[in-house]
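Asks: Quick one: sequence and predicted model below, then my questions.
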Amino acid sequence: MRHRTRVLFGLILCVALSSTASAQSDATGADCGCIWQGSFSEVAPESDLVLLGEVTRIKGNAVDLVPEQILLGEFWLDSLRVWMQTRDYCRPPAEEFPVGSRWIMALAEITEVPEDGFDPSTPNQSYGRPFDFVLSSCGGYWLRVNGATAVGNLVPGMPRFYHQPDMSPVLIDLIAGYLDGAVPETALVEASRERPDAVDELILDTRSFLRGQEDWLPDTSPEDLEAP
C-alpha cells in the first residue's frame, strides 16, 4: 500500500513540475531583423561567459545578477550587469527578467562602446559600459531556472525566436556537463523532449482516481514517502 501511495504522489509531483515549467511561447527578437544564431546548445559554447545567476535589480535597460555558478568562462566579482534592449539593439527587454528570478545566460562582453552608444541625458538607457555584458535575442541565449532545472530554447529543432517552448525541464547539472564536454548534445535533446501523451493520460487518470479516495489511502508521513 505504501508503495502505491508513493507512486501516486510521484505522479502528482510530475504534474506540478510540468505546470511550473510550461509557459506560453514568445517570439522575443523576431522583429529586430537579426539572423537566428541557434539554440542554447549551439550558441553557448561560443559565448564569452555562461552563468547561472539571480536578478537582484533592474535599472533602465540593464539587470544586475548575483552569480550562483559559472558554467563557461571566468568571472570573479560578486555581481555583474547585463544590458538589455533599447533603441534598435537586438536584445530582450529587461522587464522580462524580474527581480528574484533565476536564469542561465550566455553572454557577450562589451569591449567597446559605439560613438552613439551613450547619451548623457538618458544614462540608464544605453548600449552598456565596457566590461559589462549584453544578452542577445538572436538565439537561445537564456534559459529560465526553477530549482535544479532549466527550460528554454535549449536544443536544435526548437522554433526560432521562441524562448519558452514546450519541453521537459532539464537538470542544470546536465547542461553544465554539456558545456564541460562530458555530456553529448543528444543527451540534452532526449532530456528536453515533451512527455508522451500516454504518460499525460496516466497522470490525469491518477488525479481523477485520487478524488474521493481519501478514506482509502493510508495515512502517510513525509518520512514514509522518502523511505526506499
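Replies: Looks like it came in fine.

Asks: only C-alpha atoms for contact and neighbour calcs from this point on.
Replies: Fine.

Asks: what ranges do the helices span in the chain?
Replies: For the chain, applying DSSP state H gives helices covering 2-21, 40-43, 172-179, 185-192, 197-210, 222-226.

Asks: now what about the shortest one, what contacts it?
Replies: Counting by CA atoms under 8 Å, 6 or more residues apart in numbering, helix 40-43 makes contact with 37, 106, 139-143, 153-156, 185, all of which sit outside it.

Asks: Would you mind putting the residues you listed into TSV with neighbour count, pLDDT and distance to Leu71 alongside?
Replies: Formatted as TSV, the contacts of helix 40-43 follow (neighbours: other CA atoms under 10 Å; pLDDT from 0 to 100; distance: CA to CA, whole Å):
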residue	neighbour count	pLDDT	distance to Leu71
Gln37	16	96	20
Ala106	27	98	9
Gly139	28	96	18
Gly140	29	97	16
Tyr141	28	98	13
Trp142	28	98	13
Leu143	21	98	13
Asn153	27	97	17
Leu154	30	98	15
Val155	21	97	17
Pro156	16	96	20
Glu185	19	97	16
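
Asks: Tell me which residues touch Leu49, please.
Replies: By CA under 8 Å, 6+ apart, the contact set of Leu49 is 70-75, 105-109.

Asks: same thing but at 6 Å, please
Replies: Residues in contact with Leu49 (CA atoms under 6 Å, 6 or more residues apart in numbering) are 72-73, 106-107.

Asks: what does Thr28 give?
Replies: For Thr28, counting by CA under 6 Å, 6+ apart, the contacting residues are Phe161.

Asks: Per-residue pLDDT of it, please?
Replies: Looking at Thr28, its pLDDT stands at 73.

Asks: pLDDT weak spots in the chain?
Replies: Applying pLDDT under 70 to the chain flags the ranges 1-26, 29, 120-123, 194-228.

Asks: care to break it down by domain?
Replies: 2-16+196-226, 24-192 (automatic domain parsing).

Asks: Distance-wise, check Asn146 relative to Trp103.
Replies: Here the criterion is CA to CA, to the nearest Å. By it, Asn146 lies 9 Å from Trp103.

Asks: Neighbour count: those two, which is higher?
Replies: Neighbour comparison, Asn146 and Trp103: the larger count goes to Trp103, with 23 against 18 (by other CA atoms under 10 Å).

Asks: Quickly list what the more buried one is bridged to.
Replies: Under the criterion DSSP bridges, Trp103 forms beta bridges with Gly53, Arg144.

Asks: so what's it up against?
Replies: Contacts of Trp103 (CA under 6 Å, 6+ apart): 52-53, 143-145.

Asks: now the end-to-end length of stretch 74-86.
Replies: Stretch 74-86: ends 27 Å apart by CA to CA.

Asks: And the contacts of that stretch?
Replies: Stretch 74-86 has contacts (CA under 6 Å, 6+ apart) with 61-66, 91-94, 128, 132-134.

Asks: Equivalent analysis for stretch 137-148, please.
Replies: 29, 36-40, 90-92, 102-106, 150-153, 171-172.
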